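In: Coordinates for the following, if possible.
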Amino acid sequence: MYSLFFLGAIFFICESCKNNVTNDTQEVKNATYKMYDINGERGYNVTFDVIGKGAEPVAVVINRIRKEINPSDKKDNTYHINVIAETRKIHGYRPQGTPQENGIIYKVNYTEYFKPVKFTLK
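Out: You can find the predicted model right below:
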């Protein structure tokens, strides 16, 4: 009986923490990406808007490639990120692969949280 109560309490605490993280991140709108192939470089131009208050995105994941977001990638509430998938221009460049699906990564209190996003192909 006590173990059932204990498991219920743990589940409640985990769900509460999960909901707080979701509430502490900005909402993503108009998430799109466009493929490019220019002079030996292939990748994705990712664009999305954020609204609300909370943690700002620190990285984006598109087609299993993670790309850190630079301050120059943001203008007002819109992000424009160039995610390089393959290049011959930068010697030794390797994209950062990840098992995660498409989405945005936030950092809250030094901990990264992944939020899935459905990007629309332009």
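
In: Could you measure from K53 over to M35?
Out: Applying Cβ to Cβ, to the nearest Å, the value for K53 to M35 is 33 Å. No exception for glycine: its C-beta is placed from N, CA and C like everyone else's.

In: How about P57?
Out: 21 Å.

In: neighbour-wise, which of those two wins?
Out: Neighbour count, other Cβ atoms under 10 Å: between P57 and M35, P57 has more, with 23 against 13.

In: so who does the more buried one touch?
Out: Residues in contact with P57 (Cβ atoms under 8 Å, 6 or more residues apart in numbering) are 26, 28, 50, 69, 79, 104-106.

In: Whichever strand or helix holds Y79: partners in the sheet, and parallel or antiparallel?
Out: Taking DSSP states H and E as the definition, Y79 sits inside strand 78-87. The sheet places strand 78-87 alongside strand 41-51 (antiparallel), strand 74-75 (antiparallel), with pairing taken from DSSP bridges.
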